[in-house]
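*Asks:* I would like to see how this sequence folds:
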Amino acid sequence: MSESATVRDASDPFAPLSDGDHPPDVILRSSDQVDFHVHKALLAFCSLVFRNMFSFPAPVSEEGDAVKDGKPVVPLTEPSKTLEKLLILCYPRLSGDGFRDLDGMYGAYEAADKYQISGGQKQLEKMLVKPRFLENHPHRVFAIACHYRLENIAKAAAMATLKLPRYVPHLSVPEFNFISGQQLRQLEDFHFQCSQALVQVVASFACADWDDYWCPDEDGDDDAMGNKRYTEVWWSRERHSADCGPFIMHDSEYLAPARWFRDHLSGVKSAVLLSPDIASASKKITELVGETLKTISKCARCVQLAPSELTELADNMAEDAKSAYKDILAKSSFTS
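*Replies:* Reported below is the predicted structural model:
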């Protein structure tokens, strides 16, 4: 088979004419027959292995090409996706935005060590936690981090997966091939624990002991016993419509807030069971739509005060949930 049918040039920034002012002077050929046009001096500066490699005559490739377009051809064992990531590490002007995707990132981590690229693996670790990768492809980042025992990155990726439903139909990423089923189960358990914790946090705002309940007088005096105050409109007994306001649950010692509020939080709990993302839960708490809005519109006091007080509640919920997640994450280990 001819070279033209089996070998192709890489795209920018490693195409033949990518740098007209400083033309490349060597070609690195990947294992899948892609030619990367690069600069000897730059690669030799970044990598001791490349420096030594360029000290000897280039080996002849399987096609018998030692030179192409006047440049020596050096065949390598890495596939093109991996080689592209590896070379970006050697070009300072590309290292920031040069990583367009995660393809080849897995192999590049090993290759950075193989070619002794100073600081290469650290650069890749920084790229893995960039929002465009961590937030958009958390499962891929998780798998890469697990394989290379990057515990902190694995934990960051696990947290990022909480934005997705617990069960994603047909979820499969290439990097899953390199981690164990046990690690995937650990991620599933983490997701479950967080969803349960968030449900408990949300539920805690919907029920109170009567002995802890205190509704302030109109003058706002503090209660003498210093008990916890329930001042939000769904706890207040003042100036509600006939069907609104808090009530005693089944003649027990527990006090329930206005029914619309309990129904509202019930919907939030159902949502966070599948996707325990704190930001999403906060947004859902503050949303007054559908039946909740229809019901609340019947009570002038709730219509007036509920939006701002729900926003404050969402902030409190987020703080409690973050604390709970921090404890769960501290007890989790994905790479050991």
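*Asks:* can you tell me which residues contact Ile27?
*Replies:* Going by CB atoms under 8 Å, 6 or more residues apart in numbering, Ile27 touches 35-38, 68-69, 71-74. Where you see a C-beta, it was placed from the backbone N, CA and C, and this is true even at glycine.
*Asks:* Among those, give me the pair with the biggest separation.
*Replies:* Across the contacts of Ile27, no pair lies farther apart than Asp69 and Val74, at 13.8 Å, counting by CB to CB.
*Asks:* Looking at those two, which one has more neighbours?
*Replies:* Val74 (21 against 12; other CB atoms under 10 Å).
*Asks:* Toward the C-terminus, what is the element adjacent to the one helix or strand the more buried one maps to?
*Replies:* Using DSSP states H and E, Val74 falls within strand 71-75. Downstream of strand 71-75, the next assigned helix or strand under DSSP H and E is helix 80-90.
*Asks:* three-state assignment of the residue lying closest to Leu187 once chain neighbours are set aside?
*Replies:* In this structure, Leu187 finds its nearest non-sequential neighbour in Ala158, 5.8 Å apart by CB to CB, 6 or more residues apart in numbering. The local conformation at Ala158, judged by DSSP: H, G, I helix; E, B strand; the rest coil, is helix.
*Asks:* Distance-wise, check Ala158 relative to Val141.
*Replies:* Going from Ala158 to Val141 by CB to CB, to the nearest Å gives 10 Å.
*Asks:* Tell me which of the two has more neighbours.
*Replies:* For Ala158 versus Val141, neighbours defined as other CB under 10 Å are more numerous around Val141 (29 against 24).
*Asks:* Arg132 is in contact with that one, correct?
*Replies:* No. Taking contacts as CB atoms under 8 Å, Val141 lies outside contact range of Arg132: 10.8 Å.
*Asks:* what about the stretch 51-200 of the chain, any weak spots by pLDDT?
*Replies:* Low-confidence segments of the stretch 51-200 of the chain (pLDDT under 70): 56-65, 95-97, 169.
*Asks:* can you map out the helices along it?
*Replies:* For the stretch 51-200 of the chain, the helices defined by DSSP state H, counting those that start in this stretch cover 80-90, 105-114, 120-128, 131-134, 138-147, 151-161, 181-203.
*Asks:* so His147 touches Asn177, yeah?
*Replies:* No. Applying CB under 8 Å, one finds His147 not in contact with Asn177, separated by 9.6 Å.
*Asks:* Tell me which of these two has more neighbours.
*Replies:* The residue with more neighbours, out of His147 and Asn177, is His147; 19 against 10, by other CB under 10 Å.
*Asks:* quick one on the thing from earlier: quick check: the gap between the residue nearest to Leu187 and Arg166.
*Replies:* Counting by CB to CB, the gap from Ala158 to Arg166 is 13 Å.
*Asks:* hey, what's in contact with both of the two?
*Replies:* Taking CB under 8 Å, 6+ apart as the contact rule, Ala158 and Arg166 both touch His191.
*Asks:* List buried members of the contacts of Ile27 by neighbour count.
*Replies:* For the contacts of Ile27, a neighbour count by 16 or more other CB atoms under 10 Å gives the buried set as 35-38, 68, 71-74.
*Asks:* Between those residues, which sits nearest Gly181?
*Replies:* Nearest to Gly181 among the buried ones among the contacts of Ile27, counting by CB to CB, is Phe36 at 36.3 Å.
*Asks:* so where does that closest one fall, helix or strand?
*Replies:* According to DSSP H and E, Phe36 maps onto strand 34-38.
*Asks:* tilt between that strand and strand 71-75?
*Replies:* If you take axes from the mean of the first three to the mean of the last three CA atoms, to 10 degrees, strand 34-38 sits at 130 degrees to strand 71-75.
*Asks:* one step back: mind putting the helices of the stretch 51-200 of the chain into TSV with distance to Lys294?
*Replies:* TSV is the format used below for the helices of the stretch 51-200 of the chain (distance: least, CB to CB, whole Å):
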stretch	distance to Lys294
helix 80-90	53
helix 105-114	50
helix 120-128	46
helix 131-134	38
helix 138-147	37
helix 151-161	35
helix 181-203	22
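*Asks:* Would you mind pulling up the elements that the strand holding Val74 packs against?
*Replies:* Here strand 71-75 touches strand 26-29, going by 3 or more CB pairs under 8 Å, 6 or more residues apart in numbering; DSSP states H and E.
*Asks:* What pairs with the strand it packs on, parallel or antiparallel?
*Replies:* strand 34-38 (antiparallel), strand 71-75 (parallel) (DSSP bridges).
*Asks:* still on that earlier bit, can you give the distance of the strand holding Phe36 from its chain's centre?
*Replies:* Relative to its chain's centre, strand 34-38 lies at 33 Å (CA atoms, centre = their mean, to the nearest Å).
*Asks:* Count the residues that sit near Pro174.
*Replies:* The burial count for Pro174: 12, using other CB under 10 Å.
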